[in-house]
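Undergrad: here you go, sequence then predicted model.
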Amino acid sequence: MSKGRWKKSEEQLAKEAYAVLIRHEKSSRAHSKPDLVGRLKRYQVYADFLKLCVEYDDSADLEALRRGLLFVVRAQGASSVAHRAGFSRMSLYRMLAKGGNPRLKNLIALFRALNMHLWLVDASFVKTRERFTRPKDQPFTWDMVSSGRRIKPKIRYSKRPGLTY
């Protein structure tokens, strides 16, 4: 869990999880791998995480999406997700395994169990996507600071009038 004043948004947590869990980049000090997997329990985090898995997966067999779904299913609890999707836990694991070959019907049922829907776009949309950058690699802007109480600096006055330090 992040310590200190700066908290990451759900989208930033999803980007960090994608970079560490799918792209195998080094995890930051604030978020270890188990911590990131635990954050995938929240809907907004795993929704953004799976969007990144689909958007940046250029492999022919959608390996990143399958691995991302496996992380989300493990974080949510495989038995409960399989029960909501309408098939057994073992068939869910077989479907998401490296050599698994899920049917479209089963993928749609799995996405519905996760409260998500598939969306199709044309090739021009995919070509105009942004380059992936982690939150720690982005340059700092004041928009990143969460809105909170602004603390004014204390002004101390000297005993002589007109001088401050």
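TA: Happy to help now that I have it.
Undergrad: I'd guessed Gly100 sits against Arg94; true?
TA: Yes: in this structure, Gly100 is within contact of Arg94 by CB atoms under 8 Å, at 5.6 Å. Just so you know, the C-beta spots here come from the backbone N, C-alpha and C atoms, and that holds for glycine as well.
Undergrad: what separates Arg134 from Leu52, distance-wise?
TA: The gap separating Arg134 from Leu52 is 11 Å, by CB to CB, to the nearest Å.
Undergrad: mutual contacts of the two, please.
TA: Taking CB atoms under 8 Å, 6 or more residues apart in numbering as the contact rule, Arg134 and Leu52 both touch Lys15.
Undergrad: can you get me a residue count around Val126?
TA: Using other CB atoms under 10 Å, Val126 has 11 other residues around it.
Undergrad: now do it against Lys41, distance only.
TA: 29 Å.
Undergrad: likewise for Phe125?
TA: Plainly put, Phe125 is 30 Å away from Lys41 if you go by CB to CB.
Undergrad: go through stretch 27-43 and flag the buried ones.
TA: 27-28, 31, 35-37, 39-40 (16 or more other CB atoms under 10 Å).
Undergrad: now, among these, which is nearest to Leu21?
TA: Nearest to Leu21 among these: Leu36, at 6.3 Å, using CB to CB.
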